[in-house]
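Asks: got a predicted structure plus its sequence, pasted below:
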Amino acid sequence: MSSRSLRHFGGIVVAALPAGCRGVQSALAPAGTQAGRIATTWWLFFWITAVVFVLVIGFVGAALWRSRSDRRDVPDADPAAERRLGTGVGIAVALTVAILFVLLVASFLTGRRLAALARPSALTIQVTGHQWWWEVQYVDPLPANRFITANEIHVPVGRPVVLDLASADVIHSFWVPNLHGKRDLIPGYTTAFWIQADRPGVYRGQCAEFCGTEHALMAFEVVAEPEDVFDQWLAHQRQPAAEPGTEAERRGRDVFVSTTCVQCHAIRGTKAAASFGPDLTHLASRRSLAAATLPNTRGNLAGWIADPQSIKPGNHMPPNGLPPEDLQALLSYLQSLK
Ligand code: CUA
């Protein structure tokens, strides 16, 4: 590596460090109880290993300097110097063992504390990983109150949430760095994963296990909001889809239920009830499209419907060659699904 590229690399590291300490997808900007514990352990490891690194480099430098300035032939062994060296090595070994033990205990205690969030007031959400999107089902003892949405998880601030994680196809991994560490989604096996957001915000999550072509575009967002705002959102999401209010929206609904859309998607309140693709009942209320790949705008939605393969190659949605008037009507309808 030339000195110029070395400087360039150093510049990137220095710039990336503070950037990694903030942001909506950072384990070093904890917004939840679990993430806070993980970040504390991370900083403990960071500072201890940083001090060890500086000490080791210091001693190596001192040894090199001494060997350069002292070029005489090796004198006869000096028993006192040998003893001093032996003691030094013994102290270094003891310190190494002690430091490793401290890190081991810290890591073990963090693991135990991470598992201690379970409380009966918890909200239960089932999250199922699909190639390459997230199905999100809000569980309720009353079946009429259950509903399914996609790629966006709303949680109330300050309340524990238990996520029942499962996969519909291959192994995925659920990771919202601001709230918790990673947890794998295994086909045929449900795991409970506890999170709690301590401050409101929108935090980005990402699949963290390679799961096929579009693994990198399998993202989602967690919206943490105050309890009353969350309750309003919950009540609204439980409602079936809004009835079309205009002629264009009515035509758009007819297009939806009479073309291939209906074979994969559901819109509660219509005859569309398939579960192969994301539920679209309140599509317009969501912030993004295609698993947090695009902002949810009319233009992006048009591009996605017409040619999803150019945006996310390999995904399971086919292109739709709708006549322009039908596409515009469909867009109007989908955008009315607040
Ligand atoms: Cu799902 Cu990577």
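Replies: Thanks, I have it.

Asks: and for residue 204, the neighbour number?
Replies: Other residues near residue 204 number 18, with proximity taken as other Cβ atoms under 10 Å. For the C-beta atoms, the positions are set from N, CA and C on the backbone; glycine is no exception.

Asks: what does this structure put close to the ligand?
Replies: By the rule Cβ under 6 Å from any ligand atom, the part of the chain lying against the ligand is 129, 132, 172, 207, 209-211, 215, 218.

Asks: list the residues that contact the most centrally placed residue in the chain.
Replies: Nearest to the mean C-alpha position of the chain, counting by Cα atoms, centre = their mean, stands residue 205 at 2.3 Å. Applying Cβ atoms under 8 Å, 6 or more residues apart in numbering to residue 205 gives the contacts 25, 153, 174-176, 219-222.

Asks: can you pull up the bridge partners for it?
Replies: Note on residue 205: beta-bridge partners residue 220, judged by DSSP bridges.

Asks: quick check, pLDDT for it.
Replies: Listed pLDDT for residue 205 reads 96.

Asks: the closest residue to the ligand within the stretch 51-200 of the chain: neighbour count?
Replies: Among all residues of the stretch 51-200 of the chain, residue 172 sits closest to the ligand, at 3.4 Å; criterion: Cβ to the nearest ligand atom. Close neighbours of residue 172, defined as other Cβ under 10 Å, add up to 30.

Asks: that one against residue 212, yeah?
Replies: No - the criterion here is Cβ atoms under 8 Å, and residue 172 misses it with residue 212 at 9.6 Å.

Asks: in this protein, which helix or strand is least confident?
Replies: helix 3-20 (a mean of 54; mean pLDDT, DSSP states H and E).

Asks: following that helix, which helix or strand comes up?
Replies: Using DSSP states H and E, the helix or strand that follows helix 3-20 in sequence is helix 33-69.

Asks: helices or strands next to that following helix in the packing?
Replies: Applying 3 or more Cβ pairs under 8 Å, 6 or more residues apart in numbering; DSSP states H and E, one finds that helix 33-69 makes contact with helix 79-114.

Asks: report the mean confidence score over the helix it packs on.
Replies: 90.

Asks: can you give me how far it is from the chain middle?
Replies: 35 Å (Cα atoms, centre = their mean, to the nearest Å).

Asks: just checking, what packs against that helix?
Replies: The elements that helix 79-114 packs onto, with contact taken as 3+ Cβ pairs under 8 Å, 6+ apart, are helix 33-69.

Asks: would you mark the buried spots in the helix it packs on?
Replies: Neighbour-count burial for helix 33-69, with 16 or more other Cβ atoms under 10 Å as criterion, is recorded at 33-35, 37-39, 41.
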